[in-house]
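[1] got a predicted model here, sequence first, then my questions.
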Amino acid sequence: MPRRKKDEQDVQPQDDIKTDLTKRRLFHEFTEDDIHILNEKIAELTEKKEKFSEEAKTVQAIVKGTDGEIKKALAAKNEGGEEREMECPVIINYTQGTYTVKHPETGIVIESRPLKDEERQPDLFPAEQPENDSAQAEEMQDGAEALLDEAHADELDESGEEYEPEEE
């Protein structure tokens with residue numbers, strides 16, 4: 001068998017060589033472009049963090065306020081009711097000389113006392129007059145003018161002519 005040269009033995013055919021890639025964690029030194037990109041990302045993330053921080057403060061304030069409202073509602077529920085401003089009926093009995101205030105929903109007497117001196121006499125001239133009274137008053141006033149005009153209609157004025165009422 002002939003002997004091959006040493007160089008021929010070291011050379012292998014291409015079919016015997018395989019190339020492939022593998023991933024490894026290796027140190028990469030940043031370039032100027034890499035540093036610029038990182039600076040932009042840091043600035044963007046800082047702005048985002050500040051925005052979310054402000055939103056978080058707002059949400060926290062809302063949560064705190066809601067907690068307070070929940071406590072008030074629970075306290076009202078436990079008490080079975082709450083104080084409210086209501087219009088209560090007042091009964092003034094001049095015969096018995098009493099002033100009585102009743103609860104509008106239950107009818108329970110809230111206050112009962114003797115009338116004060118200034119309350120003992122009913123108003124001679126009520127502060128409010130019904131609408132009909134004011135309409136009647138206007139009619140009476142108009143009627144009075146008409147009566148005066150009619151009374152003077154038969155009279156003659158100073159010039160000797162018949163009196164005619166002035167129109168307004």
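    That came through, no problem.
[2] so what's the residue count around residue 71?
    Residue 71 has 10 neighbours, counted by other Cβ atoms under 10 Å. Every residue, glycine included, has its C-beta placed from N, CA and C.
[3] and it, what element?
    helix 32-79 (DSSP states H and E).
[4] and the helix or strand following that helix, what's buried?
    Downstream of helix 32-79, the first helix or strand assigned by DSSP H and E is strand 90-93. Neighbour counts over strand 90-93 (16 or more other Cβ atoms under 10 Å) mark no residue as buried.
[5] list the strands paired with the next helix or strand after strand 90-93, with their directions.
    Past strand 90-93, heading to the C-terminal end, the next element that is a helix or strand (DSSP H and E) is strand 98-102. Paired strands of strand 98-102, with direction, are strand 90-93 (antiparallel), strand 109-114 (antiparallel) (DSSP bridges).
[6] closest one to residue 71 among the ones you listed?
    With Cβ to Cβ, the closest approach to residue 71 among the strands paired with strand 98-102 belongs to strand 109-114: 29.0 Å.
[7] contact partners of the closest one?
    88, 97, 98, 99, 100, 101, 102, 103 (Cβ atoms under 8 Å, 6 or more residues apart in numbering).
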